[in-house]
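A.B. asks: No sequence on hand, only this structure:
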């Protein structure tokens, strides 16, 4: 697995949670500074497409990505419609990031079944691409998203999109954490959206899964970034989302984020974080996240230290750093100069 020749920069503005959480100025600053992309997110609150459209209307060159749209939130055709419409309105700038989420959200929030997530993703992606390519009316034998629907009135018929996409091959990235899901991503998608990834461990942990990826395959890693002279304080802040994902973003016995942290070599520590978080001792859970873990998957501290640590990412197969947590233009400029200077 080879290192990245030219590491690109993007920003991940995450979820919209409350007013005023408009990051237009951040996005505009990133565009002025030559950042390659901006990504939005969704969980069980705001959606990714609305905020992305808001930023699309105010920008002209920066790529527009979702990290990630949850496949259980919409039928494949609905997602294809969202993406092709925004891609057309933005002049062909969309990157569709898709992910399966987890059983708590899928079954508790969206009210649809979670089992067989990999098979669901394959079927979903096939339908999405049929919509964009318009080669024939869209059909699917199922079993997860059969088209036409085999029950109901019996009047359903295959249809072709009445809209002509600007691009019939909108790039699709998949959010994946497990080896099988990452291997499927390398097979089917244009890119991978890893979360909580240590650049030094990508090859030993995921090299086999990524071995079959095509030429030009993108790896866009979201990286919590805090530029400050107070490294200890930055570590504490970086631990907050880690504790939340390890402890609260998944069921006790089925949490993909906890599993990932275990693969990184912190299984016992992650189990302790989850135990504290689920018992309501959230501050203790945050403190229980190992400093080494938080530091390895983030960019923290003075800008000179960040510049040194960027070398680890440049020596990895990651192609884009999605900077998360930075909102002001001077800091975005300093990060850009540290990466590309």
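C.D. replies: Thanks, I have it. It should be emphasised that the depicted structure is a prediction, and the values quoted were computed from it without experimental measurement.

A.B. asks: The lowest-mean-pLDDT helix or strand in the chain - contacts with which helices or strands?
C.D. replies: Between all helices and strands in the chain, the lowest mean by mean pLDDT, DSSP states H and E belongs to helix 256-261, at a mean of 91. On a contact count with 3 or more C-beta pairs under 8 Å, 6 or more residues apart in numbering; DSSP states H and E, helix 256-261 meets helix 231-248, helix 267-278. Heads up, the C-betas are built off the backbone N, CA and C, glycines and all.

A.B. asks: Quickly list what the nearest residue in space to residue 241 that is not next to it in sequence is bridged to.
C.D. replies: Using C-beta to C-beta, 6 or more residues apart in numbering and skipping residues adjacent in sequence, the residue nearest residue 241 is residue 224, 6.7 Å away. Bridge pairing for residue 224 (DSSP bridges) gives the partners residue 324.

A.B. asks: check contacts around residue 224.
C.D. replies: Taking C-beta atoms under 8 Å, 6 or more residues apart in numbering, we find residue 224 in contact with 238, 241, 297-300, 324-325.

A.B. asks: which of these sit farthest apart?
C.D. replies: Pairwise distances across these (C-beta to C-beta) peak at 14.0 Å, for the pair 241 and 299.

A.B. asks: which of these two has more neighbours?
C.D. replies: With neighbours defined as other C-beta atoms under 10 Å, residue 241 and residue 299 compare such that residue 299 has more, 28 against 20.

A.B. asks: That one against residue 308, yeah?
C.D. replies: No: taking C-beta atoms under 8 Å as the definition, residue 299 is not a contact partner of residue 308, at 10.1 Å.

A.B. asks: now the strands: where do they sit in the chain?
C.D. replies: Assignment of strands within the chain using DSSP state E yields the ranges 8-14, 37-40, 63-66, 69-70, 94-99, 172-174, 191-192, 218-227, 299-301, 320-324.

A.B. asks: Check the chain and tell me which residue is nearest its centre.
C.D. replies: Centroid check for the chain by C-alpha atoms, centre = their mean gives residue 67 as the closest residue, at 3.1 Å.

A.B. asks: Where does the prediction get shaky in this protein?
C.D. replies: 1-5 (pLDDT under 70).

A.B. asks: Domain ranges for it, per the record?
C.D. replies: 8-225+302-340, 229-299 (automatic domain parsing).

A.B. asks: Show the end-to-end separation of the first one, please.
C.D. replies: Distances were taken as C-alpha to C-alpha, to the nearest Å; on that basis the terminal residues of domain 8-225+302-340 are 9 Å apart.

A.B. asks: how distant is that domain from the center of its chain?
C.D. replies: Put simply, domain 8-225+302-340 sits 5 Å off its chain's centre (C-alpha atoms, centre = their mean, to the nearest Å).

A.B. asks: go on, the shortest one?
C.D. replies: Its chain's C-alpha centre and that of domain 229-299 lie 18 Å apart, by C-alpha atoms, centre = their mean.

A.B. asks: What are the contacting residues of stretch 197-212?
C.D. replies: With contact meaning C-beta under 8 Å, 6+ apart, stretch 197-212 is reached by 1, 179-180, 182-183, 186-187, 192, 194, 217, 219, 221, 263-265, 296-297, 312-313, 315-318.

A.B. asks: Please narrow the residues you listed to those residing in helices.
C.D. replies: Counted as lying in helices by DSSP state H, out of these, are 179-180, 182-183, 186-187, 296, 312-313.

A.B. asks: Give me the distance between the spatially closest residue to residue 341 that is not a sequence neighbour and residue 246.
C.D. replies: The shortest distance from residue 341 to any non-neighbouring residue, by C-beta to C-beta, 6+ apart, is to residue 307 (7.6 Å). Here residue 307 is placed at a distance of 29 Å from residue 246 (C-beta to C-beta, to the nearest Å).
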